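need a 3D model of the following:
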Amino acid sequence: MMGRNRQSAMLGMGDDDHAKLFPGSQAGTTCFVPLLQCRYIGLPVMQDPIKITNHLHLPLSEIEFHFARSGGKGGQNVNKVETRVELLFDVEHSASLSDHQRKRLLSELQSRLDSHGMLRIVVQGSRSQWRNRVVAVKRLVEILEAALKPKKKRVKTKVPEAGKQKRLDEKKRRGEIKRMRSVPNE
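From the prediction side, this is the model:
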């Protein structure tokens, strides 16, 4: 595996493939597969920027990925390949978000954000780092979509007069039945 990155080896790329994807990279360095250049090796392609809503697109440059060795299934693969993906998105300092969107996300995702306003998503379900990365991005999109979706305002409803009267009549009827069951006091 000399001359190529751990990630390239995991993807089944040779030295020539690695050189095409990572020009100027050195062995043992951490680098990312350029997402739009992966079509020729048969991997799913993520679009840059990622569409969250019609009015919000996140460039991949605002998303940070960290990789680690994952536990669970995988045999020797578990000990060799860093398949666990940790996705970090800085909600507080993102240039793609408007002030309104940022405030909404900070309030809606309050329990999911750390003290620095970072949203952290961890995925380690697959043996493939790439699949875990795709799943992490999908989860990010789902979380942000749900948080930005406008909440429907509750329309206050009034109990109809007939409903109130029916409830009172039923209470009187039940009270009458209970009164008739009791032993009369003389």
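
where do the strands sit along this structure?
50-53, 56-58, 63-68, 84-90, 118-123 (DSSP state E).

of those strands, flag the one that's most buried.
strand 84-90 (a mean of 20; mean count of other Cβ atoms under 10 Å). Just so you know, the C-beta spots here come from the backbone N, C-alpha and C atoms, and that holds for glycine as well.

can I get it in CSV, CA atoms only?
Only the C-alpha atoms of strand 84-90 are listed here, as CSV (Å, rounded to 0.1, in the frame of the first residue of the first chain):
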residue,chain,number,x,y,z
ARG,A,84,-16.8,5.4,11.2
VAL,A,85,-17.8,8.8,9.9
GLU,A,86,-18.3,11.9,12.1
LEU,A,87,-19.9,14.8,10.2
LEU,A,88,-19.6,18.3,11.7
PHE,A,89,-21.6,21.3,10.6
ASP,A,90,-21.0,24.7,12.2
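
pull the number of nearby residues for Leu148.
17 (other Cβ atoms under 10 Å).

let me redo that: Ile143
Neighbours of Ile143 using other Cβ under 10 Å come to 18.

any idea how far Asp169 is from it?
50 Å (Cβ to Cβ, to the nearest Å).

what does Pro150 give?
Distance from Pro150 to Asp169, by Cβ to Cβ: 42 Å.

these two: which is more packed in?
Counting neighbours by other Cβ under 10 Å for Pro150 and for Asp169 shows that Asp169 has the greater number, 10 against 6.

where along this protein do the helices fall?
6-10, 15-21, 76-80, 99-108, 129-148, 161-181 (DSSP state H).

nearest to Pro49, out of these?
Proximity to Pro49, assessed across the helices of the chain by Cβ to Cβ, is greatest for helix 129-148 (11.4 Å).

which helices and strands sit right next to that closest one?
Judged by 3 or more Cβ pairs under 8 Å, 6 or more residues apart in numbering; DSSP states H and E, helix 129-148 is in contact with strand 50-53, strand 56-58, strand 63-68, strand 84-90, helix 99-108, strand 118-123.

how about these in TSV, adding mean pLDDT?
Shown next, in TSV, are the helices and strands packed on helix 129-148 (pLDDT from 0 to 100):
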stretch	mean pLDDT
strand 50-53	83
strand 56-58	85
strand 63-68	87
strand 84-90	90
helix 99-108	90
strand 118-123	91
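
all set, thanks.
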